[in-house]
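**Q** Provided below for reference: sequence and predicted model.
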There are 2 protein chains.
Amino acid sequence: MTDIDRVIHEPARLLVMALLNGVKEADFLWLLNQSGLTKGNLSSHLSKLEEAGYVEIDKTFRGKVPLTLLRLTRSGRSAFGAYRKTMGGLLAKASGA
Amino acid sequence: MTDIDRVIHEPARLLVMALLNGVKEADFLWLLNQSGLTKGNLSSHLSKLEEAGYVEIDKTFRGKVPLTLLRLTRSGRSAFGAYRKTMGGLLAKASGA
DNA sequence: GCATACTAGTTTGTGGTACAGACTAGTTTG
DNA sequence: CAAACTAGTCTGTACCACAAACTAGTATGC
């Protein structure tokens, strides 16, 4: 109806997408701090973004301690770009008429 | 957390706000056609926008037939402006940083 | 060697809400 | 007198965000 990508539109995920779009990759804790989300929430949003194919979740170890790395996929970057375009259009057309 | 106005953020309402922002006032049927929402849906979204103080609902008559006019309040226009600014910021900062 | 705290989550439960469809009320038309 | 139209409101369902509680393993302090 409005062609808005609901997966990205959700504020929490939009924030995560924006954060990830600005870097090459990030770890879980960094996202946690930057976003202010709770762990459970962040985890579930990341899962949803992964399901959508927008984010790659790379579970590794820093020594013996688990370390989770996140990065946008090509598809994720393109979806985010499309979202920006859609939003831009909606917000722009509203001003002029 | 992201300072996004949830009332406006919802796509259906965002569309309505954008439509109303482009005109001085509109009637129910026009909004119905432009938005593609169902009547029930449009009605409930308008009620929510009214509750938020963003939209004025003016029920009159065209002859004997009911006619409902909608327009953004000053507060509505300013909230929409703020929303655009917030969104613009989020989407902009994502690219460069 | 035991307990505490940290990383990195998953699972569960609750509450809110978008959405569509059924229903209402009055009005014109056949 | 009945059927259809305008202009809505009301109701129920189904999803989904969010937080909190719980899990599992590792390092650290005592």
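**A** Yep, it's here.
**Q** Across the sheet, point out what pairs with the residue nearest to A:L49 when sequence neighbours are not counted.
**A** Take A:L49 and drop its neighbours on the chain: the residue closest to it by C-beta to C-beta, 6 or more residues apart in numbering or on different chains is A:V55, 4.0 Å away. Where you see a C-beta, it was placed from the backbone N, CA and C, and this is true even at glycine. Legend: beta-bridge partners of A:V55 under DSSP bridges are A:L72.
**Q** correct me, but A:V55 touches A:L20?
**A** Yes - the criterion here is C-beta atoms under 8 Å, and A:V55 meets it with A:L20 at 6.8 Å.
**Q** ok so, going back, what about the residue nearest to A:L49, how many neighbours?
**A** By the criterion of other C-beta atoms under 10 Å in any protein chain shown, A:V55 has 23 neighbours.
**Q** For it, give me its contacts.
**A** Counting by C-beta atoms under 8 Å, 6 or more residues apart in numbering or on different chains, A:V55 touches A:V16, A:L20, A:L46, A:L49, A:L70, A:R71, A:L72, A:T73, A:G76.
**Q** how close does the nearest residue to the second one once chain neighbours are set aside get to A:M17?
**A** Sequence neighbours aside, A:L72 is the residue nearest to A:L20 in space, at 4.8 Å (criterion: C-beta to C-beta, 6+ apart). A:L72 sits 7 Å away from A:M17, going by C-beta to C-beta, to the nearest Å.
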